[in-house]
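K.L.:
Prediction below, plus the sequence it came from.
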Amino acid sequence: MGKTTLPGITLPRGADASQRSIVDILQKLSGQSGSGLDRAVLIRDLVDAKGINLSRNRGVLEFEFDNSGDYSLPSAPTGVEVLPTFNTVFLRWNEPDPDDRWYALTEIFRLRVHLEDDGTPYVESGDGAHVAPAFSMAVRVLTVQGNLITDYVDSGQSFVYWIRHVNKAGVSGPIHDTNGSLATTYRTPLEVLEEYSADIYQGENYQWLRSELREVENVHRIYHGADVLGDSPLLSLIEGTDDLMELLAQQQLMNALDSYHQQEAIKVKFDKNYAKLSGGVHAAVNADQAYVNRIEVLESHWEDNGLAENTIDAKIDAYNLALTSPSGALATSINNIRVNFNSNSSTIQEFAEAVASADRTINSSIRTLNSTLSDTSSALQTFQQTQTEENRARSTEITNLSSVVGDYGANLQTLTQTVATNEGEYNAQWGIKTNVNDLRGGVGFYNDGTATSFLVDSQAFAVTGGNGSPVFPFVIKDGKTVIKEALIDTAAIYTLIAANIVAEKIAASIRIESPVINGGSITGTSLNINDRTKISSTGLLETLNARIHGVIRATSGELDNVVINENCDIKGTLSVRNVDGDVVDRTVVVVPKDHDVGPSQRYVLIEGEIKPGVLGSIENRILVVSGISLDHQGGGGSSSNFDVYLYLNGSQRQHFHSHNVEEEGSVTPQLGCLVPVSNQVQTFKVVLVPQVNDWVRVQQSAIVADVFKRGSTFDKVQGLYLESAGDSGAVKALE
């Protein structure tokens with residue numbers, strides 16, 4: 001019976017949480033998602049499963065024990081093996097000696113257990129104590145006649161099994177082992193993969209790999225000392241000033257207990273073109289802080305007023321600051337190099353800063369290289385920082401590379417970082433990630449002191465082998481892992497697709513399917529060949545077709561719809577309810593009352609179809625019509641006449657004429673003809689025709705039509721000739 005395919009379930013737009021929950025439940029029950037063990041079982045499934053029960057040996061057998069017999073006590077099972085897979089446990093043991101007439105069946109008991117860290121099984125009692133498993137806690141789950149069976153259980157669980165034999169009187173023998181046999185089923189690879197993926201997906205390493213690539217903040221906006229040294233007039237002034245010379249001028253106006261200010265400027269000019277140097281030194285001491293800073297600006301400018309109309313600039317800004325206060329100390333150095341040719345530019349920005357306070361020290365360094373030409377740009381930025389606090393230390397280095405043409409670009413970022421705290425947080429991280437036109441990929445390593453992770457965020461990953469071969473030994477691509485050659489001690493594979501398997505031993509807990517199996521003997525409790533040929537553990541053979549070239553001996557049995565092509569000798573009594581094969585077939589038309597037929601009327605006495613049946617297409621048959629009762633009723637003359645015709649397929653095959661001088665009298669004609677071989681339906685008809693002045697009465701009777709098979713008993717049948725004249729004119733029997 002074919003498997004029923006359930007339609008998919010589509011959520012409408014804007015579905016709420018309740019609708020999503022209903023769809024999730026229906027998809028699990030229909031087997032469209034989740035584990036197959038959660039799927040609902042249909043009546044069709046049970047009907048289909050009936051055909052494979054013989055091979056699965058599921059359930060508990062019903063056995064009629066013989067309490068009156070004298071049977072030996074069962075022995076303990078030997079050679080017990082338990083072989084777990086994902087959702088099954090395959091159990092087998094040595095088969096009892098065939099000479100042991102006591103054997104009836106084998107019982108399997110199961111107990112679900114937990115495992116200690118060292119693998120020891122235990123059962124948790126009501127008070128939470130760990131108790132060793134015992135046979136008295138187990139439940140009988142299976143019985144079988146044979147030496148192997150499969151138990152269907154959940155994946156990723158542990159069980160202890162006990163096995164014992166039972167004799168024909170229903171007496172149970174000893175269990176195979178007091179401690180039982182432990183089996184732990186494997187978790188399916190998909191379950192493990194989903195769990196591991198969830199942990200990795202939520203981890204720091206993966207989140208960094210899939211995050212956006214961000215450039216380090218611009219140099220002129222980074223002054224880490226502000227949050228370390230508290231409120232500082234100088235730092236507030238720096239935050240709000242963009243021009244270094246303006247900053248120097250404003251510092252001269254600041255109140256100070258003592259200060260020193262020196263400013264210089266050199267400028268040469270021709271038309272709109274010029275070159276200049278400006279800068280100065282400012283030092284100040286007041287009640288809040290003491291600092292000294294130096295500013296130097298070198299700048300040149302050129303404008304070509306010719307046809308090209310080019311504007312060219314070059315500029316170097318340098319700023320250095322040393323500052324101390326009761327809160328801490330700050331040293332900062334900023335260098336900005338920039339050249340412009342019209343709208344094309346190149347810049348180098350460098351920022352270095354050291355900060356120290358009572359509870360924190362920070363060193364920061366940023367270097368940025370940027371080139372722009374029309375809508376094309378490239379940039380390289382490096383950020384380095386060490387930060388130490390009373391309970392936390394961190395070292396970070398980040399490098400960004402960027403290349404952009406129009407709306408498309410390529411970006412690469414590297415991260416190196418270590419973190420340690422007195423709250424138990426320790427981690428080290430390294431990684432490279434890229435983004436090219438929104439296609440992301442990278443590699444990252446993360447260690448938090450309890451676990452390490454190494455992630456490759458890539459559509460393809462390969463190990464080349466280092467020998468220059470174009471065929472790599474290990475490749476991951478499109479979600480698939482391809483390995484040229486592997487040595488694996490233990491592998492849990494849910495679905496194995498292989499061209500060749502060479503193994504010392506294969507134990508299949510459910511079934512082995514193959515169009516061809518070559519080998520030696522097959523030993524087991526049952527055999528199922530495509531649900532068409534089955535041999536059960538009790539010796540029952542079921543098959544759809546069989547060709548036997550030899551002797552069949554059976555003490556009893558039944559045959560349905562069989563054909564015996566040649567001779568069959570029955571030496572006993574043959575009882576037959578129905579014989580089909582056109583040996584004889586009969587039909588009857590009952591005449592419930594008399595019918596008078598007038599002159600020249602054509603009155604159909606009986607008609608019908610003759611189907612080929614079993615023999616009609618290979619042998620001739622004979623049609624005989626009898627039981628016709630006709631009575632002359634007279635007419636306008638001194639005699640009465642009528643005719644009866646037999647037609648086959650519309651052609652007249654026999655004619656019967658009756659003449660009665662006295663005008664009255666009864667006649668019972670019988671007619672017959674040969675029904676030739678044909679695989680088509682043939683028609684027959686018997687018609688009564690009184691002559692011009694005559695009436696005929698069809699009397700109450702039963703008109704019978706018989707179709708007979710020509711047998712082999714009669715031979716050389718003829719008649720209707722004078723014996724004295726010889727049989728040269730004899731009429732031959734129908735053939």
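P.N.:
Received, thanks.
K.L.:
can you map out the helices along this protein?
P.N.:
Taking DSSP state H to define them, one finds helices in the chain at 17-29, 43-50, 53-56, 189-201, 204-210, 226-229, 233-239, 244-253.
K.L.:
Quick check: the gap between Gly650 and Gln385.
P.N.:
The gap separating Gly650 from Gln385 is 112 Å, by CB to CB, to the nearest Å. Glycine gets a C-beta too; all of them are placed from N, C-alpha and C.
K.L.:
who has more neighbours, those two?
P.N.:
Gln385 (18 against 9; other CB atoms under 10 Å).
K.L.:
The more buried one and Asn363 touch, don't they?
P.N.:
Yes: contact criterion CB atoms under 8 Å: Gln385 and Asn363 qualify, at 6.6 Å.
K.L.:
quick revisit: lowest average pLDDT across the helices of the chain?
P.N.:
Among the helices of the chain, helix 53-56 carries the lowest mean pLDDT, a mean of 34.
K.L.:
Below-threshold pLDDT in the stretch 151-300 of the chain: ranges please.
P.N.:
Within the stretch 151-300 of the chain, the stretches with pLDDT under 70 are 213-259.
K.L.:
Count the neighbours of the closest residue to Gln157 other than its chain neighbours for me.
P.N.:
With sequence-adjacent residues excluded and distances taken as CB to CB, 6 or more residues apart in numbering, Gln157 is closest to Thr185, at 5.6 Å. Neighbours of Thr185 under the rule other CB under 10 Å: 20.
K.L.:
who are the neighbours in contact with Thr185?
P.N.:
Listed by CB atoms under 8 Å, 6 or more residues apart in numbering, the contact set of Thr185 reads 84-89, 153-159.
K.L.:
change it to 6 Å
P.N.:
Contacts for Thr185 (CB atoms under 6 Å, 6 or more residues apart in numbering) come out as 84, 155, 157.
K.L.:
what's the distance between the second one and Val661?
P.N.:
From Ser155 across to Val661, the span is 103 Å (CB to CB).
K.L.:
neighbour count winner among the two?
P.N.:
Each of Ser155 and Val661 has its neighbours counted (other CB under 10 Å); Ser155 has more, 19 against 10.
K.L.:
Quick check: mean pLDDT of stretch 302-312?
P.N.:
For stretch 302-312, the mean pLDDT works out to 78.
K.L.:
same question but for stretch 471-482, I mixed them up
P.N.:
On average, the pLDDT along stretch 471-482 is 84.
K.L.:
buried residues in it?
P.N.:
Residues of stretch 471-482 classed as buried: 473, 475-476 (neighbour count, 16 or more other CB atoms under 10 Å).
K.L.:
try stretch 205-212
P.N.:
205-206, 208-209.
K.L.:
and the nearest residue to Phe474 once chain neighbours are set aside, how many residues sit next to it?
P.N.:
Among residues not flanking Phe474 along the chain, Val463 sits closest, at 4.0 Å (CB to CB, 6+ apart). Neighbour count of Val463, defined by other CB under 10 Å: 12.
K.L.:
and what of Val297?
P.N.:
Counted by other CB under 10 Å, the residues lying close to Val297 total 20.
K.L.:
Can you give me every residue that contacts it?
P.N.:
By CB under 6 Å, 6+ apart, the contact list for Val297 reads 278-279, 317.
K.L.:
Restricted to strands, list the contacts of Thr185.
P.N.:
Pro84 (DSSP state E).
K.L.:
Mind putting the contacts of Thr185 into CSV with distance to Glu390?
P.N.:
Output for these, formatted as CSV (distance: CB to CB, whole Å):
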residue, distance to Glu390
Pro84, 54
Ser155, 50
Gln157, 49
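K.L.:
rewinding a little: which ones among the contacts of Val297 are found in strands?
P.N.:
The strands, defined by DSSP E, take in 278-279, 317 from those.
K.L.:
okay, the residues you listed in TSV with neighbour count next?
P.N.:
Below are those laid out as TSV (neighbours: other CB atoms under 10 Å):
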residue	neighbour count
Ser278	17
Gly279	20
Asp317	20
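K.L.:
With respect to Tyr103, which of those is nearest?
P.N.:
Proximity of the ones in strands among the contacts of Val297 to Tyr103 was ranked by CB to CB; the top entry is Asp317 with 100.0 Å.
K.L.:
Distance-wise, check that closest one relative to Val297.
P.N.:
Distance of Asp317 to Val297, computed by CB to CB: 5 Å.
K.L.:
my guess is Leu29 contacts Val23, does it?
P.N.:
No: between Leu29 and Val23 there is no contact under CB atoms under 6 Å: 10.8 Å.
K.L.:
Overlap in contacts, those two.
P.N.:
By CB under 6 Å, 6+ apart, Leu29 and Val23 have no common neighbours.
K.L.:
Mean pLDDT per helix and strand in the chain: which one sits at the bottom?
P.N.:
When each helix and strand of the chain is scored by mean pLDDT, DSSP states H and E, helix 53-56 comes last, with a mean of 34.
K.L.:
Wait, the residue nearest to Phe474 touches Val475, no?
P.N.:
No: shown here, Val463 and Val475 do not form a contact pair, counting by CB under 6 Å, at 7.9 Å.
K.L.:
burial measure for Val82, as a count.
P.N.:
Neighbours of Val82 (other CB under 10 Å): 20.
K.L.:
so what's it up against?
P.N.:
Contacts of Val82 by CB under 6 Å, 6+ apart are 89, 91, 161, 181, 183.
K.L.:
Also Ser172?
P.N.:
Contacts for Ser172 (CB under 6 Å, 6+ apart) come out as 164, 166.
K.L.:
Please parse this protein into its domains.
P.N.:
54-189, 209-410, 584-710 (automatic domain parsing).
K.L.:
would you turn these into TSV with distance to Glu485?
P.N.:
Output for these, formatted as TSV (distance: least, CB to CB, whole Å):
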stretch	distance to Glu485
domain 54-189	21
domain 209-410	30
domain 584-710	65
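K.L.:
So for Leu722, which of those sits nearest?
P.N.:
Across the domains of the chain, closest to Leu722 is domain 584-710 (CB to CB), at 22.2 Å.
K.L.:
Go ahead and measure how far that closest one is from the middle of the chain.
P.N.:
71 Å (CA atoms, centre = their mean, to the nearest Å).
K.L.:
Having no further points to raise, I will conclude here.
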